[in-house]
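sequence and predicted structure are below.
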Amino acid sequence: MRRRLVGLPDFGEHHAVMAFLAERSAVDPDWVIELLQDRVIHAECLAALDGYRPTPHTWHEPLRVREHRDFVAHLRRLHAWIAAERDSPIRQEAGAEIFAEIARPFDETVLALLRDALSSPNAADFRTVAAILRKAPRTFIWDFSQFVQGALQDAAHRGEDCRVAMESALWVATISGVRMGTPGRPFRKDIEQRDRSRQVASTMPQNASLNSVRRGRVVWTWS
């Protein structure tokens, strides 16, 4: 059964499979996580994906690893597994999706783990956090503004590549999702983005600038 599940082109199309994985993830998360990892590895070995999706487009049945006593340990191992192949775009993308699905909702428990990774001397650990944050909830930068400040500061200290990677990740997370509204009027999500960004910016030093971000003195600016 496990072999067939690995070879299934898109298990997101099979609600019974997703329900099974969700239920089993609460009592045997190792089995489910390893299955998902095997699907990512299988995708890495393909010459072309040709419709193969290692993770579903939508998790109709949320995974329940958070209910397990070893929830944090599973997240740490998953982070290390993603970081071990920093040159694999499939693992960076699909691995981050798996991490984000298991971690949701992002809370202080998850942020503590990510902070530890940000402080690691291993650049792959840092870049894996950036990959994961691309999958964060759309409101992440406002809900956890202090964490974002620290992440951008760490990125600035690590160099231009890390700074760009972190800024890009946070931007992608913020603009994710479908925007709907009345033709000729701004989208409601865009108005929220403007207003909440201004609110956060009002708590920052008034002399914040891009140059000071790069020097690490101030780590967040808004136009």
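Looks like it arrived, so ask away.

use CA for all of it now, contacts and neighbours both
Noted.

output the longest helix that the chain contains as PDB, restricted to C-alpha atoms.
In the chain, with assignment by DSSP state H, the single longest helix is helix 29-45. Presented in PDB, the C-alpha positions along helix 29-45 are these (Å, rounded to 0.1, in the frame of the first residue of the first chain):
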ATOM      1  CA  PRO A  29       3.100  10.700  12.400                       C
ATOM      2  CA  ASP A  30       6.400   9.000  11.500                       C
ATOM      3  CA  TRP A  31       4.600   6.800   9.000                       C
ATOM      4  CA  VAL A  32       2.800   9.700   7.400                       C
ATOM      5  CA  ILE A  33       5.800  12.100   7.300                       C
ATOM      6  CA  GLU A  34       8.100   9.400   5.900                       C
ATOM      7  CA  LEU A  35       5.500   8.600   3.200                       C
ATOM      8  CA  LEU A  36       5.300  12.300   2.200                       C
ATOM      9  CA  GLN A  37       9.100  12.400   2.200                       C
ATOM     10  CA  ASP A  38       9.200   9.400  -0.100                       C
ATOM     11  CA  ARG A  39       6.900  11.100  -2.500                       C
ATOM     12  CA  VAL A  40       9.200  14.100  -2.600                       C
ATOM     13  CA  ILE A  41      12.200  11.900  -3.200                       C
ATOM     14  CA  HIS A  42      10.300  10.100  -5.900                       C
ATOM     15  CA  ALA A  43       9.600  13.400  -7.600                       C
ATOM     16  CA  GLU A  44      13.300  14.400  -7.300                       C
ATOM     17  CA  CYS A  45      14.200  11.200  -9.200                       C
END
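
give me the buried positions along it.
Of all the residues in helix 29-45, those buried under the rule 16 or more other C-alpha atoms under 10 Å are 29, 32, 33, 35, 36, 37, 38, 39, 40, 41, 43, 44.

helix or strand next in line after that helix, which one?
Sequence-wise, the next helix or strand downstream of helix 29-45 (DSSP states H and E) is helix 71-83.

show me what that next one is packed up against.
Where contact means 3 or more C-alpha pairs under 8 Å, 6 or more residues apart in numbering; DSSP states H and E, helix 71-83 is packed against helix 89-103, helix 108-118, helix 123-133.

tell me which of those helices is the most buried.
Of all the helices and strands packed on helix 71-83, helix 123-133 has the most neighbours on average by mean count of other C-alpha atoms under 10 Å, namely a mean of 24.

tilt between that one and helix 108-118?
Put simply, helix 123-133 runs at 150 degrees to helix 108-118, going by axes from the mean of the first three to the mean of the last three C-alpha atoms, to 10 degrees.

what about the helix or strand following helix 123-133, distance to the chain center?
Sequence-wise, the next helix or strand downstream of helix 123-133 (DSSP H and E) is helix 140-143. From the chain centre to the centre of helix 140-143 is a distance of 13 Å (C-alpha atoms, centre = their mean, to the nearest Å).

tell me the buried residues in helix 140-143?
Residues of helix 140-143 classed as buried: 140, 141, 142 (neighbour count, 16+ other C-alpha under 10 Å).
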